[in-house]
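Chemist: Give me a 3D structure for the following:
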Amino acid sequence: MAARKPKGIAASELRAADGRAPGQRGRATREKLLRCTAALLEKTSYRDLSVIEIARRAGTSPATFYQYFPGIEAAVLVLAQQMAEDARKLTVLIDEADWRGKGAARAAEALADGFLDLWERHRAVLRVVDLSTAEGDLRFANIRSHLLNEVTLRLRDVIESFKLAGRHPASLEPMAHAAALVSMLAHIAAHRYGFEFWGIKTDDVRASAAALLVTGVTGRRT
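Modeler: I've put the predicted structure just below:
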């Protein structure tokens, strides 16, 4: 029986640098190299990261690394793509939530927590994505711009339903409103440690973000 590729990963993404599709052992090696790259990004500047260091941590050789990735940038790009795939879980939080009545508070808190968790898991990779985007790398810029697109679209649909029910003014544009709310959540998640440095507790920021989200989505005050 042929080995199945991991769900959500395109076949082209699993190919080695020479174009061949790796077997089960090859995929395990590739994933180990990616995990080691991600772990080193937590402690090392992207610019200071080396193939030798990644290979040493993975217990293999630089030659093996180059079998799967043309360079460090290619490996980090895959990590960024995986991070964007992980972000789609946020849409489930929106779709499965009950935004009516008391359910809105629970839905907002879950979504705020989802953003905080996503940024915590992928903070190092997001740092590289932001840096590369600022430097004009269109590959990373494309991932950055589409990272939360589905989340914004799903939230727009919920806001639109409340607008149709008369809970929002006729002048409100649901997509713009959703984009503003998503940007707020992303900014809070990205700067949580900066807030803590200023003496602002993460739990307090989370509660405020959830309250603003309830009002922004449903049109009612908390």
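
Chemist: contacts, neighbours, all on C-alpha from now
Modeler: OK.

Chemist: Could you check how far Thr133 is from Glu109?
Modeler: The gap separating Thr133 from Glu109 is 30 Å, by Cα to Cα, to the nearest Å.

Chemist: sorry, that was for Trp99
Modeler: The gap separating Trp99 from Glu109 is 11 Å, by Cα to Cα.

Chemist: Equivalent analysis for Arg220, please.
Modeler: According to Cα to Cα, Arg220 and Glu109 sit 16 Å apart.

Chemist: now swap in Leu213 and tell me
Modeler: For Leu213, the distance to Glu109 - Cα to Cα - is 9 Å.

Chemist: These two: which has the busier surroundings?
Modeler: Leu213 (26 against 18; other Cα atoms under 10 Å).

Chemist: Go ahead and confirm the more buried one touches Ser183.
Modeler: No - using Cα atoms under 8 Å, Leu213 makes no contact with Ser183, being 11.4 Å away.

Chemist: any idea which element Met175 lies in?
Modeler: Applying DSSP states H and E as the criterion places Met175 in helix 174-190.

Chemist: now swap in Pro70 and tell me
Modeler: Going by DSSP H and E, Pro70 is not part of any helix or strand.

Chemist: ditto for Asp157
Modeler: Following DSSP H and E, one finds Asp157 within helix 149-164.

Chemist: From the contact counts, what lies against that helix?
Modeler: With contacts taken as 3 or more Cα pairs under 8 Å, 6 or more residues apart in numbering; DSSP states H and E, helix 149-164 sits against helix 89-95, helix 174-190, helix 202-218.

Chemist: Tabulate the ones you listed (CSV), appending mean pLDDT and distance to Ala58.
Modeler: Output for the helices and strands packed on helix 149-164, formatted as CSV (pLDDT from 0 to 100; distance: least, Cα to Cα, whole Å):
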stretch, mean pLDDT, distance to Ala58
helix 89-95, 94, 29
helix 174-190, 96, 29
helix 202-218, 96, 35
